[in-house]
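Student: Sequence and computational prediction follow.
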Amino acid sequence: MTVLGVLGLVLVLLVLLGLLVVVRLVVGRVVLSGREHWTPVLAVDTGSITLPLSDETRSVGTFGLWHGGGAGAEHSVAGRTVAGHTVVGSVLEVDEVRGTVRRAVLDSVGDRPTEVRWTGHMLRDPSVLGTPWNEVDIPTALGPAPAWQISPPAAGAAGAAVSVSPGTPAASRTWAVHVHGIRTTRVTALRTVPAVTALGWTSLVPSFRGDGEAPSDTPASHLGAREWPDVEAALDHAVAHGAERLVLVGWSMGATITRELLVHSAHRARIAGIVLVAPALDWATTVQTAAARSGLPGPVVRLALGTMAAPGLCRLVGLRAPVDVRALSWVRDPTAPPLDHLPPTLVVHSPGDPTVPFRLSEQFAAQHPGTVTLAVSEPTGHGWERNRDAAWFDAQVTGWGAALD
């Protein structure tokens, strides 16, 4: 080979290597946890906390701030193990000149915070719900995965309570399985439990591979394509402990897991209804929308999505198995299984969602009139519909659930 030929080959290899690096970075933004922002605390007292002003910290509603200290249950938040938690409510004061915001403190456990991670986790664990609960281990292919089982104080509209194992609270015949989203844990999904409890249903809030709590063979999310068997194991647990009807509650990526369960679950005949909150209904559109907002070229994004779906190549971008995001869509073909036999479905979503396009929820509801009910929240961030207005949110779920009975 000539010198020019060698140089040409080296140039081609360098271009391919550079393209692989870019594609891996794009895929990593989707499937891997990124660096999270911790906010410094400027001042705090028994009734308020002062933080730097941002779109996040001035958001209307009730939010959870994780921080260090405390003797309560520990949680993994943004790469740290924390036990301190503060719930903030209304905005008391905004100083545009100094760039600060002071918010009311509604509840706080742990040491005096010096920096916090702002989240939608207004409920830090099931102990704050005021209803019987216990921790259970769900057998999965990778080992036991922790889950919270939460029972109503007494039997409700779903029927009389049934007996389960000794030391476990009584359970109803309808169980709601609350499935959290990507790059978070089951604490996120606790927000739908109060409404379900008001309906008299038992709740199960499972962990699954890749969320930092359940056993996992990779840190990368597979967008529901590999995670759904762990939630299927949670359905096995529910049925084994008396569940006659199942309601699947999917938050964000939890919607994709819900879709996979509609396709693959051995308990499909028991699934009586679905609740989807800020749902990821079409990953290709969601990723392309986020990429366009970040200024990434469309061809690079399409190459990244294609690489995720290709056997062998998918491992080069951190995945253990191919993920065809187009096959995980709720909206591309509304007549294809399982969408041709949808159970009654409630979608709760905000038109202000900066992560998952709201138009997909509108499209999904329009494709299934009479089956899909779309409840439109006031504008707020991704998955913050209940944070924005808990009373409104709970009313949407309980109203829909009562009609389901």
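Tutor: Cool, the structure landed. These numbers come from a predicted model, not from an experiment.
Student: all contacts plus neighbour counts: C-alpha atoms, from now on.
Tutor: OK.
Student: can you give me how far the helix or strand encompassing residue 250 is from the chain middle?
Tutor: Here residue 250 sits within strand 245-251, counting by DSSP states H and E. For strand 245-251, the distance from its own C-alpha centre to the chain's C-alpha centre is 13 Å (C-alpha atoms, centre = their mean, to the nearest Å).
Student: helices or strands next to it in the packing?
Tutor: Using 3 or more C-alpha pairs under 8 Å, 6 or more residues apart in numbering; DSSP states H and E as the contact definition, the elements that strand 245-251 packs against are strand 174-179, helix 254-264, strand 271-277.
Student: Buried ones in the regular element (helix or strand) spanning residue 287, by neighbour count?
Tutor: Residue 287 is part of helix 283-294, with elements assigned from DSSP H and E. Of all the residues in helix 283-294, those buried under the rule 16 or more other C-alpha atoms under 10 Å are 283-291.
Student: next one: stretch 396-405
Tutor: Neighbour counts over stretch 396-405 (16+ other C-alpha under 10 Å) mark 396-398, 400-401 as buried.
Student: Now, those residues that are in strands?
Tutor: Among the buried residues of stretch 396-405, no member falls in strands (criterion: DSSP state E).
Student: For residue 55, grab the count of nearby residues.
Tutor: Look at residue 55: counted by other C-alpha atoms under 10 Å, it has 8 neighbours.
Student: typo on my end, it should be residue 362
Tutor: Around residue 362 there are 18 residues (other C-alpha under 10 Å).
Student: So it, which state does it fall into?
Tutor: The three-state label given to residue 362 by DSSP: H, G, I helix; E, B strand; the rest coil is helix.
Student: That one - nearest residue in space that isn't next to it in sequence?
Tutor: For residue 362, ignoring the flanking residues on the chain, the nearest one in space by C-alpha to C-alpha, 6 or more residues apart in numbering is residue 374 at 7.4 Å.
Student: so that neighbour sits in a helix?
Tutor: No. The assignment for residue 374, made by three-state DSSP, is strand rather than a helix.
Student: per-residue confidence for it?
Tutor: On the pLDDT scale, residue 374 is placed at 98.
Student: who's in contact with it?
Tutor: With C-alpha atoms under 8 Å, 6 or more residues apart in numbering as the criterion, the residues that contact residue 374 are 346-349, 361-362, 365.
Student: And residue 321, by the same measure?
Tutor: Neighbouring residues of residue 321 by C-alpha under 8 Å, 6+ apart: 222, 311, 314-315.
Student: Now neighbour count and pLDDT too, for these, in JSON lines please.
Tutor: Compiled in JSON lines, the contacts of residue 321 are given as follows (neighbours: other C-alpha atoms under 10 Å; pLDDT from 0 to 100):
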{"residue": "222", "neighbour count": "26", "pLDDT": "85"}
{"residue": "311", "neighbour count": "14", "pLDDT": "86"}
{"residue": "314", "neighbour count": "21", "pLDDT": "74"}
{"residue": "315", "neighbour count": "15", "pLDDT": "78"}
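Student: Right, I'll call it a day here.
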